[in-house]
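1. I'd like to go over a predicted model; first the sequence, then the structure.
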Amino acid sequence: MFESIPMDSQTPKTVDLFVIGGGINGCGIARDAVGRGLSVELVEMNDLASATSSASTKLFHGGLRYLEYFELRLVREALIERETLLRAMPHISWPMRFVLPFHKDMRFDAETPASRVLSGVMPWLKGRRPAWMIRMGLFLYDHLGGRKILPATRSLDLRTDPAGQVLDDRFEKAFEYSDCWVQDSRLVVLNARDAEARGATIRTRTRAVSAECTNGLWQIVTEDTQTGEQTTTQARALVNAAGPWVENVIRGVVGSNAKEGVRLVRGSHIVTKRLFDHDRCYFFQGQDGRIIFAIPYERDFTLIGTTDQQHVSPDEKPTCTDSEAQYLCDFASGYFKTPVTMDDVVWRYSGVRPLYDDGASSATAATRDYVLKLENPGAPVLNVFGGKITTYRRLAESAMSKLAPLLGASEENWTAGVAMPGGDFAVDGVDALIGALMQTYPFLDLNWATRLVRTYGTDARIILGDATTAQDLGQGFGAALTEAEVRWLMQREYACSAEDVVWRRTKLGLHLNEAQIVSLDAWMAGAV
């Protein structure tokens, strides 16, 4: 490891690696790097996971539709990662079964590579996909990643299976396959927590103002967005993981003339009242080439998404427009027996995916693979483009394979299977953990205990401490959110506002009213 230059009181702090961006890629790289013996500092101008990383469809998945684009390396890597990540965080991630309804007259996007091949070989299909082709794709999906934990694909008779009860009667057949759910913003926070526990410095609400290379070291000026105070840090290497703002950092902070660019694609989701009673998800395919998911969400709701729309600027707040929400309602209504209407929508959200600009003709066709570009090897800066939440850990390994040799760090990968905070228990141990928690704390009901375990895993016991009644946990803010939990989030998980707590650390905003959220915000402001 690099030996820091001796410093007097006027010399800025020196670290091996400075990371700009507190999304999943930045936090994943920071965790990996500090575990290799490097000194690391990370800055995020807002809250952790405040942009793309809290606005995903919340899946660890291989990307079934990417097979249409022959992105086999990306799909294989993602499929392998599903189970690697599942073992490391069984509290915030779990297996799900996806139901893909099929009808012989369904049409598909004619512009994918698979469509062009099929139209050349079997032009009489005219955009249709025969059942054998879909089954072959699912067979490949089952076996490309060496699946061990997740169950294999099977066929369903929707006339008798419960999954068919809410679907339109024309759908008589479906395929059911496996992927995984993940609480995306919690994943980011846990990576940051683990990085900090291993020695990294995590600074939220801190903006990178400028970065200049002098005598082989980056001089990075940052600004506290709340106080305006500026600080200079020296670093041997710089990682630009600013997500939608990656180009802003390249040109405005670092002042580079790098040619690579980013394509901003807005993905919007709606959350409706619960549309079905079972715990499986639906995978719906549209004639426009898009697919959407309908997923059981937060016990009482259904999550539907996503869209693909061009987004002009990272500084323009992404919102799910009325037309996007209506599009998702109409898309789902093409499958469900009872139409989904705007009156069913209880919440909507939108995020910007910073895809690498590969010149694709449409947002849907743009690659979801990540691209890493290293500049100035003497004092390296690594720019991170794109990526999927499923492959964030592999992205971090790839980043360190470029940086570790330049910084004299360990080149041995170490993160696979290493548990995240609270995830130190077996993949199938959630029910036992919930039962044990309720036995130790009899005042917990099943919903409360389940939420705590699914949010904090084994850390739930630390939060509850020696409480014997709910009153021992301090003030209640509604929906079983207590002072003890909020203090944990403020002291251990970087939360500063009610928005951080109810929309990123948890999704309790769906269960709290506006007055309760305002009250929580006021309490947190006074507790600082």
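-> Thanks, I have it.

2. hang on, isn't Thr307 packed against Val265?
-> No: Thr307 is beyond contact range of Val265, at 9.1 Å (criterion: Cβ atoms under 8 Å). For glycine as for every other residue, the C-beta is placed from the backbone atoms N, C-alpha and C.

3. tell me, what's touching those two both at once?
-> Jointly contacting Thr307 and Val265 under the rule Cβ atoms under 8 Å, 6 or more residues apart in numbering is no residue at all.

4. residue closest to the middle of the chain?
-> Asp184 (3.7 Å; Cα atoms, centre = their mean).

5. that one contacts Thr52, correct?
-> No: Asp184 lies out of contact with Thr52 (Cβ under 8 Å); the separation is 9.2 Å.

6. checking the residue lying closest to Gly255 once chain neighbours are set aside next. Helix, strand or coil?
-> Counting by Cβ to Cβ, 6 or more residues apart in numbering, Gly255 lies nearest to Glu212, which is 7.5 Å off, once chain neighbours are set aside. In three-state terms, and counting by DSSP: H, G, I helix; E, B strand; the rest coil, Glu212 is strand.

7. cool, Ala515 as well?
-> helix.

8. tally of neighbours for it?
-> Using other Cβ atoms under 10 Å, Ala515 has 9 neighbouring residues.

9. next: the one 3 residues further on.
-> If you count neighbours by other Cβ under 10 Å, Val518 ends up with 12.

10. what mean pLDDT would you report for the one helix or strand it maps to?
-> Val518 belongs to helix 514-527 when assigned by DSSP states H and E. Confidence for helix 514-527, expressed as mean pLDDT, is 97.

11. pull out the buried positions in it.
-> Using 16 or more other Cβ atoms under 10 Å as the test for burial, helix 514-527 gives 516-517, 519-521, 524.

12. tell me which of the residues you listed is nearest to Met400?
-> Met524 (35.9 Å; Cβ to Cβ).

13. rewinding a little: quick one: the residue nearest to Gly255 and Ala235 touch, right?
-> No: using Cβ under 8 Å, Glu212 makes no contact with Ala235, being 11.3 Å away.

14. any common contacting residues for these two?
-> What both Glu212 and Ala235 touch, as defined by Cβ under 8 Å, 6+ apart, is the set Trp218.

15. compare the two (neighbour count), which wins?
-> Ala235 (26 against 12).

16. who does the closest residue to that one other than its chain neighbours bridge with?
-> Nearest non-adjacent residue to Ala235, counting by Cβ to Cβ, 6+ apart: Phe18, 3.6 Å away. Listed beta-bridge partners, Phe18: Glu41, Leu238 (assigned using DSSP bridges).

17. for Phe18, give its distance to Ala131.
-> When distance is defined by Cβ to Cβ, to the nearest Å, Phe18 is 53 Å away from Ala131.

18. counting neighbours, go ahead and name the busier of the two.
-> Neighbour comparison, Phe18 and Ala131: the larger count goes to Phe18, with 27 against 13 (by other Cβ under 10 Å).

19. tell me the pLDDT of the more buried one.
-> On pLDDT, Phe18 comes in at 98.

20. so it is in contact with Leu238, correct?
-> Yes: between Phe18 and Leu238 there is a contact at 5.2 Å, judged by Cβ under 8 Å.

21. now do the shared contacts for the two.
-> 211, 218, 220.

22. where does the prediction get shaky in the stretch 51-200 of the chain?
-> Applying pLDDT under 70 to the stretch 51-200 of the chain picks out residues 69, 105-129.

23. show me where it has helices.
-> Along the stretch 51-200 of the chain, counting by DSSP state H, counting those that start in this stretch, helices occupy 72-88, 113-121, 131-143, 184-197.

24. no further queries at this time; thank you.
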